[in-house]
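J.: Based on what follows, work out the 3D shape:
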Amino acid sequence: MEIGCGARVREIRGHRYFYFWHYERDGGRSVRREDYIGRVDDERARQDVLRRMASYHGRAEQDFARRRARIERLVARAAVTST
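T.: Reported below is the predicted structural model:
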């Protein structure tokens, strides 16, 4: 599992554009994706990149919390059955 996201700026024909990159699961594999957001000089694009990053991190935190809770339940069950 790979976790991460960020903003990338690409220059195309003299103009600079934001792209939001992130990892997704695709067929059991972790794949890096890039989504076009908009021009760097557009305030809405800048805000969209920040919102997407915050949202991605929130989902990742929730996913880790669920996984950790599941592992802790398995450890607790193993401790009870092994005594």
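J.: could you pull out the strands for the protein?
T.: Here the chain has its strands, by DSSP state E, at 5-12, 15-26, 29-39.
J.: Can you say which of these is packed in most?
T.: strand 15-26 (a mean of 15; mean count of other Cβ atoms under 10 Å). The way it works is simple: take the backbone N, C-alpha and C, and place the C-beta from them, glycine included.
J.: Note down every partner strand of it and its orientation.
T.: strand 5-12 (antiparallel), strand 29-39 (antiparallel) (DSSP bridges).
J.: How about the backbone phi and psi for residue 27?
T.: phi 60, psi 40 (degrees, to the nearest 10).
J.: Quick check: chain neighbours aside, which residue is closest to the residue nearest to the spatial centre of the chain?
T.: By Cα atoms, centre = their mean, the mean C-alpha position of the chain lies nearest to residue 56, the distance being 4.1 Å. In space, and not counting its chain neighbours, residue 56 is closest to residue 5: 4.3 Å by Cβ to Cβ, 6 or more residues apart in numbering.
J.: partners of the one you found in the sheet?
T.: On the basis of DSSP bridges, residue 5 is bridged to residue 22.
J.: dump the residue contacts of it.
T.: 20-23, 52-53, 56-57 (Cβ atoms under 8 Å, 6 or more residues apart in numbering).
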